[in-house]
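[1] Pasting the sequence and the predicted coordinates here, then a few questions.
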Amino acid sequence: MSGTIRRGAALVGLALVSAVTACGTTHENAPGASAGGAPSTRACEGAGGKYTIGMSQANLAEPYRVRMDDDIRKAAAGVPQFTVNFADAAQDNAKQVEQVNTFLTQGIDLLIISPNEATPLTAVVKKAYDQGVPVLVLDRKVDGDGYTSFIGADNVDIGRQAGRYFAEKLLPKGGKVVELKGLAGATPAKERSDGFDQGIAGHGITVVGSADADWLREKGQQQADALLKAHPDAQALFSANDPMAEGARLAAQNAGLGDLPITGIDGLPVPEGGIKAVEAGRLAATFVYPTGGAEAITAAKKLLLDCQQVAKKQTLPTRLVTRANAEQVYAELNRS
C-alpha cells in the first residue's frame with residue numbers, strides 16, 4: 001500500500017472515530033457527568049426536553065421522609081419540564097429494589113433515592129447508574145461510588161456536635177447516658193453514634209446502654225422504656241432522631257423521670273417537629289438536618305436542563321437548636 005493510500009485510510013479512520021465520539025456520550029464527556037465520578041450516558045436535551053424523575057423513598061412512617069418528599073414536590077413544581085413519580089418502600093429493602101427496577105423499566109430520566117439500608121440497595125443503584133441514569137442519593141448512603149451525587153449532611157459531625165453538647169451543657173461533670181439508635185443497616189445510624197462517641201470522649205461520659213429503634217416514635221418509646229428500667233441511674237438520653245426522642249420522653253415520664261434531658265436530630269420546622277418540641281421543653285435540644293429535597297431538584301436541573309456536572313458529594317449544613325434559639329430558627333426556616 002502506498003504512503004498516500006495509507007494516509008488516506010488513516011484520515012478516514014480518524015473521521016469515523018470523531019463521528020462516533022460526536023454522536024455518542026462516554027463516561028468521560030457525557031453531559032451530566034459528575035465531578036469525581038462516572039456520568040450519565042444519556043444525552044441531555046436541555047431546557048426544551050421533558051423529563052421523568054423517579055423518587056424512591058425508604059419509608060413514609062418518619063415525618064422527616066414525608067418532609068423530604070414534600071420538599072422535592074415543592075421544588076419540582078417550579079420546573080415545568082419535570083414530572084416526579086414517588087414510591088414508598090415502607091422500610092422493606094426488597095420492595096425498594098423492586099420499585100427502582102420498575103422505574104428503570106418505565107424509562108425514567110433520573111433517579112432520586114433515599115435508601116432504606118445501604119448494602120441491600122447498592123446493586124440496584126449501581127445498575128441504574130451503569131445504565132446511564134443519573135442517580136442522586138439523599139441522606140442515607142450506599143456502598144461504593146456507583147451513583148452521580150450524594151446529597152446530605154455529615155452524620156458523623158452531627159453526632160459529634162451532639163456529644164459535645166452533652167459534654168459542655170448537659171453533663172459537664174460527666175455521667176451516664178443511654179442511647180437510641182436508628183435502623184442498624186442505615187448509614188446515619190452508625191455515623192451519628194460514632195460521632196457521638198467522639199464528642200463525649202475524654203469528658204467522663206459513659207453510654208451505659210443502647211438500642212436500635214428504627215427511627216420510629218413507638219419503637220423509641222418501647223426501647224427507651226427497657227433502657228431506663230435497666231439503667232435507672234441514667235442522667236440523659238441521646239436519640240438519633242426526634243421521633244424516637246419524643247417516644248423516649250413518654251417512656252421517661254412513665255418511669256417518673258420527667259426531667260431527664262433528651263436530645264434528638266432532624267429539627268423539622270413544622271408544628272409537630274423537633275424544633276417545637278425543644279421550644280415546648282420536651283427535648284433539651286435538636287439539630288436541624290436538611291432533607292436535601294430542594295437541593296436534589298437543583299442538581300437535577302443542572303444535569304438535565306443545563307447539561308452541566310454536579311459534585312460527587314454535596315454536604316448540607318446543620319444547626320444546633322436549643323430553647324434559647326428555637327423560636328428564631330423555626331421562623332427563619334419557614335421564611336426560606
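    Structure received.
[2] how about the helices in the stretch 101-250 of the chain?
    For the stretch 101-250 of the chain, the helices defined by DSSP state H, counting those that start in this stretch cover 118-130, 155-165, 187-200, 217-230, 242-254.
[3] can you redo those helices as TSV with distance to Arg323?
    From N, CA and C alone the C-beta is placed, and that goes for glycine too. Below are these laid out as TSV (distance: least, C-beta to C-beta, whole Å):
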stretch	distance to Arg323
helix 118-130	35
helix 155-165	13
helix 187-200	20
helix 217-230	21
helix 242-254	15
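[4] Can you say which of these is packed in most?
    helix 242-254 (a mean of 24; mean count of other C-beta atoms under 10 Å).
[5] residues making contact with it?
    The contact list for helix 242-254 (C-beta atoms under 8 Å, 6 or more residues apart in numbering) reads 62-64, 180, 182, 213, 215-225, 228, 237, 239, 258, 260, 262-268, 273-274, 277, 282-283, 286.
[6] That helix: how far from the chain's middle?
    Between the centre of helix 242-254 and the centre of its chain there are 24 Å (C-alpha atoms, centre = their mean, to the nearest Å).
[7] after that helix comes which helix or strand?
    Next in sequence after helix 242-254, counting helices and strands by DSSP states H and E, comes strand 262-263.
[8] helices or strands up against that next one?
    strand 236-239, helix 242-254 (3 or more C-beta pairs under 8 Å, 6 or more residues apart in numbering; DSSP states H and E).
[9] quick one: average pLDDT of the last one?
    Taken as a whole, helix 242-254 has a mean pLDDT of 97.
[10] same check, this time on the shortest one
    pLDDT averaged over strand 236-239 equals 98, rounded to a whole number.
[11] Can you list the strands that that strand pairs with?
    strand 175-181 (parallel), strand 262-263 (parallel) (DSSP bridges).
[12] starting at the chain centroid, how far to that strand?
    With C-alpha atoms, centre = their mean, you get 22 Å for strand 236-239.
[13] what sits up against it?
    Contacts of strand 236-239 (C-beta under 8 Å, 6+ apart): 162-163, 166, 170-171, 175, 177-180, 196, 207, 213, 220, 224, 227-228, 245, 248, 252, 260-265, 284.
[14] Check stretch 59-76 too.
    Under C-beta under 8 Å, 6+ apart, the answer for stretch 59-76 is 53, 55, 57-58, 82, 84, 86, 88-91, 112, 114, 116, 138-139, 215-216, 241-243, 266, 268, 270, 272-273, 289, 291-294, 296-298.
[15] Out of the residues you listed, list just those in helices.
    242-243, 293-294, 296-298 (DSSP state H).
[16] and of those residues, the nearest to Thr322?
    Among these, Asp242 lies closest to Thr322 (C-beta to C-beta), at 13.9 Å.
[17] Please list all residues in contact with Ile53.
    76, 82-85, 108-112, 300.
[18] next one: Gln198
    So, once contact is read as C-beta under 8 Å, 6+ apart, Gln198 ends up touching 156, 159-160, 163.
[19] got it, and Gly292?
    Gly292 touches 68, 71, 138-139, 151-152, 314, 316, counting by C-beta under 8 Å, 6+ apart.
[20] Where is pLDDT lowest across these?
    For these, the pLDDT minimum is Asp139, 93.
[21] can I assume Phe287 sits in a strand?
    Yes - the assignment for Phe287 is a strand, going by DSSP: H, G, I helix; E, B strand; the rest coil.
[22] in the chain, what spans have low per-residue confidence?
    1-43, 336 (pLDDT under 70).
[23] about what we covered before: closest one to Glu332 out of the contacts of Ile53, please.
    Ala76 (23.6 Å).
[24] Test my guess that Gly264 contacts Ala224.
    No - counting by C-beta atoms under 8 Å, Gly264 sits too far from Ala224 to count as a contact (11.9 Å).
[25] Count the neighbours of the residue lying closest to Glu179 once chain neighbours are set aside for me.
    The shortest distance from Glu179 to any non-neighbouring residue, by C-beta to C-beta, 6 or more residues apart in numbering, is to Ser210 (4.0 Å). By other C-beta atoms under 10 Å, 17 other residues sit near Ser210.
[26] Identify the residues contacting Ser210.
    Counting by C-beta under 8 Å, 6+ apart, Ser210 has contacts 178-181, 193, 227.
[27] Try it again at 7 Å.
    178-179, 181 (C-beta atoms under 7 Å, 6 or more residues apart in numbering).
[28] now do Asp212
    Per C-beta under 7 Å, 6+ apart, neighbours of Asp212: 181, 183-184.
[29] got it, and Asp194?
    Going by C-beta under 7 Å, 6+ apart, Asp194 touches 156, 159.
[30] Could you do Gln91 as well?
    With C-beta under 7 Å, 6+ apart, Gln91 has these contacts: 58-59, 61, 116.
[31] Kindly recompute the last result at 8 Å.
    Gln91 sits in contact with 58-59, 61, 116, 183, 214, where contact means C-beta under 8 Å, 6+ apart.
[32] phi, psi of it?
    Main-chain dihedrals, Gln91, degrees, to the nearest 10: phi 60, psi 30.
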